[in-house]
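Q: test case, fold it:
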Amino acid sequence: MHCGVMVTGYNQGDWERLLRGDYDRPPTVSDAANMDDTLAIGELVEPLGFDSIWATEHYGSAYSMQPNPLQYLAYWAGRTTRVDMGTAVIVAPWWNPVRLAHEISMLDILLKGRRLHLGIGRGIAPHEYASLGYPIAQSHKYFYEVVNAIRAADGAERFTFEGEIYRIPPTTIRPQARHKGDLTRRIKAAFTTQASAQLAAENGLGQMFVAGDDLDAMTAQVRRFNKIRADLGLPPDQPTTLLWMYCAETAAEAEEGWEYFYNQLTAAQHHYFEWNNPGFAGIPSYEEYLKRQAADIGVADASFAARRATQPIGTPEEIIDKIHTMQRAISLEMLIVHVFYGGMPRAKAEKSLRLFAEKVLPAVQAMPTPIHPASLG
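A: Purely as a prediction, here's the structure:
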């Protein structure tokens, strides 16, 4: 099994200030200090034996201080010599497809033969759409036009594209990628609804779980998605899955990891549903998020207990057992772990990462990744 690390920065302690709207003073701990700690953790990924470094895309809040993921991965491409790079996710509607195709191609050059694993998503937070000037009500349309335009760019030296939004005249992407023709072949998409699963399958995309759910729900989602793919004459897909990791010597010490995980769920609740959010009412295809926003119980509390069975938080033995269980349940192929989140001190994140690398990583990398009948739909 391929095992990578998400390297992204959070300023967990700044949420109290943001929720009060207290913008007349800076964060108590600067974003620069938080990012310096994140970069220090990232420096450990290759020496400790992991397979890849991953980045995400967010704007404007303390939740995930990670704009342009390709810029960030270009930094890591220069800092490393062995590991692959991955995006979880590029938010396609926020990109001009010609610019995106150029940046993907350039990063492929900088990796000097290593691979770029593309995860692409649609984006959720209304405040991010508003600040960037893109219409959230047309997110599906923008998403698939961008995806299919970069595929056209990857498939030929000279390409055109005719969509409702983007009309691209004869154009060439330079520098031409080392893996030209193969860069967009295995794009993974992040989605949760049946309608989005149908669209993803119809457009030949694979599946990415960005945060995961309870095990039964994840298993059912993989099965439904592969049923759609089978009906379209496509082979089954094995998901790439991002999970939150905290590795500790004892079960008592591991309980601290669940506190950081709950903090992270709370930060996501703030970012997507509470802070600077006019609401999801009336936005087409965001009905599921409107339900979550209007629910009596907050998103963090609603999902916390269910995820105890899926997140690799625990002792090395417990984590290995959970990953085995996940592989059997959803035919997991690539595992990406978040390692520094929820207000976790850098020293504890490093201790957890080193223990995982020593006691868990060899077993994970040796783990077979077959497709199981439960995943076939």
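Q: run through the protein and note the low-pLDDT ranges.
A: 212 (pLDDT under 70).
Q: show me where it has its helices.
A: Assigned by DSSP state H, the helices in the chain fall at 15-20, 31-42, 69-79, 97-110, 126-132, 139-155, 194-202, 215-231, 251-269, 287-294, 299-304, 316-330, 346-359, 361-365.
Q: tell me the buried residues in the shortest one?
A: By neighbour count with 16 or more other Cβ atoms under 10 Å, helix 361-365 contains the buried residues 361, 364. Backbone N, C-alpha and C define where each C-beta goes, glycine included.
Q: longest strand in the protein, please.
A: Using DSSP state E, we find that the single longest strand of the chain is strand 84-91.
Q: that one vs helix 139-155, what angle?
A: Orientation check (axes from the mean of the first three to the mean of the last three Cα atoms, to 10 degrees): strand 84-91 against helix 139-155 gives 140 degrees.
Q: helices or strands up against strand 84-91?
A: Applying 3 or more Cβ pairs under 8 Å, 6 or more residues apart in numbering; DSSP states H and E, we find strand 84-91 packed against strand 2-6, strand 52-55, helix 69-79, strand 116-121, strand 188-190, strand 240-244.
Q: sheet partners, orientation included, of the fourth one?
A: Meaning strand 116-121. strand 84-91 (parallel), strand 188-190 (parallel) (DSSP bridges).
Q: kindly export that strand (C-alpha atoms) in PDB.
A: Only the C-alpha atoms of strand 116-121 are listed here, as PDB (Å, rounded to 0.1, in the frame of the first residue of the first chain):
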ATOM      1  CA  LEU A 116       1.900  13.700  -9.400                       C
ATOM      2  CA  HIS A 117      -1.300  12.200  -8.100                       C
ATOM      3  CA  LEU A 118      -4.200  14.400  -8.900                       C
ATOM      4  CA  GLY A 119      -7.100  14.700  -6.600                       C
ATOM      5  CA  ILE A 120      -9.700  17.300  -7.600                       C
ATOM      6  CA  GLY A 121     -12.800  18.700  -5.800                       C
END
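Q: does residue 194 really touch residue 225, like I thought?
A: No: applying Cβ atoms under 8 Å as the test, residue 194 and residue 225 come out as separate, 9.3 Å apart.
Q: so which of those two has more stuff around it?
A: residue 225 (26 against 13; other Cβ atoms under 10 Å).
Q: my guess is that one contacts residue 209. True?
A: No: using Cβ under 8 Å, residue 225 is not in contact with residue 209, being 10.8 Å away.
Q: if we can go back for a sec, residue 377: which of the strands paired with strand 116-121 is closest?
A: In terms of Cβ to Cβ, the element of the strands paired with strand 116-121 nearest to residue 377 is strand 188-190, at 17.2 Å.
Q: can you pull the buried residues of that closest one?
A: So for strand 188-190, counting by 16+ other Cβ under 10 Å, buried means 188, 189, 190.
Q: for stretch 106-121, same thing?
A: Those would be 106-108, 110-111, 114-121, for stretch 106-121 by 16+ other Cβ under 10 Å.
Q: would you turn these into TSV with distance to residue 62?
A: Formatted as TSV, those follow (distance: Cβ to Cβ, whole Å):
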residue	distance to residue 62
106	30
107	27
108	32
110	29
111	30
114	31
115	32
116	28
117	27
118	27
119	23
120	24
121	20
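Q: which one of these is nearest to residue 364?
A: residue 117 (16.7 Å).
Q: quick one: contacts for the closest one?
A: Each residue near residue 117 by Cβ atoms under 8 Å, 6 or more residues apart in numbering is listed here: 52, 54, 84, 85, 86, 87, 186, 188, 240, 334.
Q: which of those count as buried?
A: 52, 54, 84, 85, 86, 87, 188, 240, 334.
Q: and the closest residue to the second one other than its chain neighbours, how far is that from residue 182?
A: Right, residue 54. Distances taken as Cβ to Cβ, 6 or more residues apart in numbering put residue 86 closest to residue 54, at 4.2 Å, once the chain neighbours are dropped. According to Cβ to Cβ, to the nearest Å, residue 86 stands 15 Å off from residue 182.
Q: looking at the buried residues of strand 188-190, which is nearest residue 48?
A: Using Cβ to Cβ, the buried residues of strand 188-190 come closest to residue 48 at residue 188, 24.3 Å.
Q: the closest one contacts residue 121, doesn't it?
A: No: counting by Cβ under 8 Å, residue 188 stays clear of residue 121, with 9.4 Å between them.
Q: tell me, what's touching these two both at once?
A: residue 208.
Q: give me the most central residue, the chain.
A: residue 88 (2.8 Å; Cα atoms, centre = their mean).
Q: beta partners for the closest residue to that residue other than its chain neighbours?
A: The shortest distance from residue 88 to any non-neighbouring residue, by Cβ to Cβ, 6+ apart, is to residue 119 (4.3 Å). Beta bridges link residue 119 to residue 188, judged by DSSP bridges.
Q: residue 119 against residue 85, yeah?
A: No: if you go by Cβ under 8 Å, residue 119 and residue 85 don't touch, sitting 11.1 Å apart.
Q: common neighbours of the two, please.
A: Residues touching both residue 119 and residue 85 by Cβ under 8 Å, 6+ apart: residue 54.
Q: and residue 89, how far is that from residue 135?
A: The value you get for residue 89 to residue 135, if Cβ to Cβ is used, is 19 Å.
Q: looking at those two, which one has more neighbours?
A: Using other Cβ under 10 Å as the criterion, residue 89 and residue 135 rank with residue 89 on top: 24 against 13.
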